[in-house]
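Peer 1: What shape does this take:
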Amino acid sequence: MYRPFLEYLEKDLFDKFDLRSRPIPAGLEGNVSNRGKNQATIQSWCYECTELRKIRYTYIDAGSAAQVFNSVIYPSYHYDIPLLGIDLLCFGKNKILIVLDFQPLFQEESYLTKYIEPMRSLREKYNDLAQNLEMKFYDANQYFSKYLLFAKTDAETVKTTFFEAYQDYINLYWQMLDRAEIIEKEEEIKKIVKAQKDYDQYSAERDPASGLFSSYFGHEWSEKFLYEFLFEDAVPLAVPTKAR
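Peer 2: Next up, the predicted model:
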């Protein structure tokens, strides 16, 4: 269902940037599961370039049972622009959820005005795809913008209106990156490094997809996938050891 979204992003990335493969830890680039009603495959890709330090995307294909496309793009530490986050989920015919956002690293008013306000006109254009749904696992005021697209929808809308919105949002993100000033001051770079690391920690601890990964590929593989690939700067929460 979401293959066209993966292919569009991939083509855009290769057309616009001088991409290099970024290593994925051995055994985490793909997996196959026969646990469910349908066989499930998971495959991931990861790249980097001068402007973008980590470009990762993952596709889960379990036939009619599940289709998932997830991507996060992390800019170089020399840019303070938001991350680009994409999460497209389909479970059966009736549970289709789309999330697309420029995920702010900071919540200062000046930052939001500079990087989030440019999204306003697109959000207004696609207002039907912004349903103000409750976020069960995340704080909507942290690492999400007020102009995100977040909707329960249907397959036809995904193929038409949302695909158009997806292209528009991604094009706006490239424009933002083109205009972004390169940051050279060490203390500002340290602030960006911390913000991106904090994003990984926050996301790893709350990501509901870990349950999906576990159900198909087992807990051990899923924990490695979460902490060694998806959110590699996160530190797993310590599990207390039992006294002997």
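
Peer 1: And the next helix or strand past the helix ranked longest in the chain?
Peer 2: When secondary structure is assigned using DSSP state H, the longest helix within the chain turns out to be helix 186-206. Beyond helix 186-206 in the direction of the C-terminus, DSSP states H and E gives the next helix or strand as helix 209-217.

Peer 1: Quick one: residues in contact with that following helix.
Peer 2: Outside of helix 209-217, the residues that reach it under the criterion Cβ atoms under 8 Å, 6 or more residues apart in numbering are 31, 33, 35-36, 40, 42, 60, 62, 66, 68, 70, 221-223, 225-226. For the C-beta atoms, the positions are set from N, CA and C on the backbone; glycine is no exception.

Peer 1: From what I see, A65 and F91 are in contact.
Peer 2: Yes - the pair formed by A65 and F91 meets the contact definition of Cβ atoms under 8 Å, at 7.0 Å.

Peer 1: So what's the residue count around D87?
Peer 2: Burial of D87, expressed as a neighbour count using other Cβ atoms under 10 Å, amounts to 18.

Peer 1: quick check, it in a strand?
Peer 2: Yes - counting by DSSP: H, G, I helix; E, B strand; the rest coil, one finds D87 located in a strand.

Peer 1: For V72, what is the enclosing helix or strand?
Peer 2: Under DSSP H and E, the secondary-structure element containing V72 is strand 67-75.

Peer 1: Can you list the strands that that strand pairs with?
Peer 2: For strand 67-75, the paired strands and their directions (DSSP bridges) read strand 52-61 (antiparallel), strand 83-91 (antiparallel).

Peer 1: what about it, average pLDDT?
Peer 2: Per-residue confidence for strand 67-75 averages out to 96 on the pLDDT scale.

Peer 1: what do you get for stretch 196-213?
Peer 2: 86.

Peer 1: could we number from 10 for the rest of this?
Peer 2: With 10 as the first residue, the last one maps to stretch 205-222.

Peer 1: and the contacts of helix 218-226, which are buried?
Peer 2: The neighbour-count test (16 or more other Cβ atoms under 10 Å) applied to those identifies 40, 42, 49, 51, 69, 71, 75, 77, 79, 230-231, 234-235 as buried.
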